[in-house]
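Colleague: I would like the atomic coordinates for the input below:
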Amino acid sequence: MSRAGMMGHAPFFLQVAEGPSNVSAYWIITEDKVRLRVAHWPTEEAPKGTVFVFQGRTENMEKYGRAVDGLHKAGYVAFAVDWRGQGLSDRLTNDRMVGHVDRFSDYQKDVAAMLKAAETLDLPKPWYLFGHSLGAGIGLRALSEGLPMSACAFSAPLWDINLSAFQRFAAWPLTWAAQLIGKSHAYAPGTRGESYVLTTPFDENRLTHDLGMYEYYQNISENLVDQQIGGPSMGWLYQTLKETRSLSKIPSPDIPCITFCGAEDSIVAIPAAQDRMARWSRGKLELVPNARHDVLYETPEVRDNTMSKICELFAASGVLQSEP
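Modeller: Predicted coordinates for the structure are as follows:
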């Protein structure tokens, strides 16, 4: 490995992703020897900077093809990662469909490896962060620990899980006990090893109001069978409950931020985003009407408005950074 833990080119399925054709994927290795896949979309003209894309749970980099196309058109290089346990990165259990992590802090090892790869590739600065759902939780922690970003944008941030009082009361002891008795790899109650978008009709989905975008999700899952992932493990749920509780107590980073929550999001807890952004002096919360969990893949008006505001924030932050 001659380039900071990079192991050469990895596959990337451009035809399914539908994003910019100028893309290269690589294998990288974390400090604890987990192999991850990253992808780099350079621009043909002088870039305004690089946007690091932190994906959500169950997602892969191909799913961000259309979003990266929007970033490209605005002049930004993009750099994305498959977190451990999903996409084409190493799976952590014998059952490839279970979404698992041993400790939530392990995701920061993925961030560290990604950062080394970005330095090796000499990705153009300023650097910006976009994090969706799980990626927003990982991103907030990384920023608090010094991730060098000039500004950040989050959508549907997993800063708390949307659980009823009863579900939350039951989840803590149940998931704790599962870890204690060696059952952390078991599926969390009510979940199973099936792709959500391939088993949930459009009319019942919690992700988007846009049929075309939902079919895009489905096409990715149907064509990239090895990258599918199903429900979370008991261990993942326990670790996420611990991490979101811990995140709620940390100070907000001192960088510009915009956060989007679909008003109809039933996956993450919107009050946690409201609380966080009320304590982010350089931050702003946008509660998006008529939108579900994935605002970047919602109806055209929603996704175009979201992308426009993200790029406006990044552009303004880049100007401020360049001023003496």
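
Colleague: alpha carbons only for contacts and neighbour counts from here, please
Modeller: Fine.

Colleague: For stretch 38-45, measure first residue to last.
Modeller: Using Cα to Cα, to the nearest Å, the end-to-end distance of stretch 38-45 comes to 22 Å.

Colleague: ok, and for that stretch, which residues are buried?
Modeller: For stretch 38-45, burial by neighbour count (16 or more other Cα atoms under 10 Å) applies to V38, A39, H40, W41, P42, T43.

Colleague: could you redo the residues you listed as a markdown table and give each row pLDDT, secondary structure and distance to Y107?
Modeller: A markdown table is the format used below for the buried residues of stretch 38-45 (pLDDT from 0 to 100; DSSP: H, G, I helix; E, B strand; the rest coil; distance: Cα to Cα, whole Å):
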| residue | pLDDT | secondary structure | distance to Y107 |
| --- | --- | --- | --- |
| V38 | 98 | strand | 14 |
| A39 | 97 | strand | 17 |
| H40 | 96 | strand | 20 |
| W41 | 98 | strand | 22 |
| P42 | 96 | coil | 25 |
| T43 | 93 | coil | 28 |
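
Colleague: Nearest to L247 among those residues?
Modeller: Comparing these against L247 with Cα to Cα places V38 closest, at 25.9 Å.

Colleague: per-residue confidence for the residue nearest the centre of the chain?
Modeller: In the chain, the residue lying closest to the centroid (Cα atoms, centre = their mean) is Q55, at 2.1 Å. Per-residue confidence (pLDDT) for Q55: 98.

Colleague: again with R168
Modeller: Per-residue pLDDT puts R168 at 87.

Colleague: so which strand or helix has it?
Modeller: Secondary structure assignment for R168, by DSSP states H and E: helix 165-180.

Colleague: contacting residues around that helix?
Modeller: The contact list for helix 165-180, computed with Cα atoms under 8 Å, 6 or more residues apart in numbering, reads S184, A188, M234, G235, L237, Y238, L241.

Colleague: Could you do stretch 181-190 as well?
Modeller: With Cα under 8 Å, 6+ apart, stretch 181-190 has contacts from 93, 98, 100, 175, 178, 193, 231-237.

Colleague: go on, stretch 275-291?
Modeller: Stretch 275-291 is contacted from outside by 208-209, 248, 251-265, 273-274, 295, 298, 302, using Cα under 8 Å, 6+ apart.

Colleague: if we can go back for a sec, what's the next secondary structure element after the helix holding R168?
Modeller: Sequence-wise, the next helix or strand downstream of helix 165-180 (DSSP H and E) is helix 196-199.

Colleague: pLDDT weak spots in the stretch 101-250 of the chain?
Modeller: Counting by pLDDT under 70, the stretch 101-250 of the chain contains no low-confidence segment.

Colleague: Which parts of it are helices?
Modeller: 106-120, 134-144, 165-180, 196-199, 211-223, 234-247 (DSSP state H, counting those that start in this stretch).

Colleague: Do a quick rundown of the strands in this protein.
Modeller: Taking DSSP state E as the criterion, the chain contains strands spanning 6-10, 24-29, 35-41, 50-54, 77-82, 127-132, 151-155, 257-262, 283-288.

Colleague: Distance to E18 added to these, as a markdown table?
Modeller: Listed next are the strands of the chain as a markdown table, based on distance: least, Cα to Cα, whole Å:
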| stretch | distance to E18 |
| --- | --- |
| strand 6-10 | 18 |
| strand 24-29 | 14 |
| strand 35-41 | 13 |
| strand 50-54 | 16 |
| strand 77-82 | 15 |
| strand 127-132 | 19 |
| strand 151-155 | 21 |
| strand 257-262 | 24 |
| strand 283-288 | 26 |
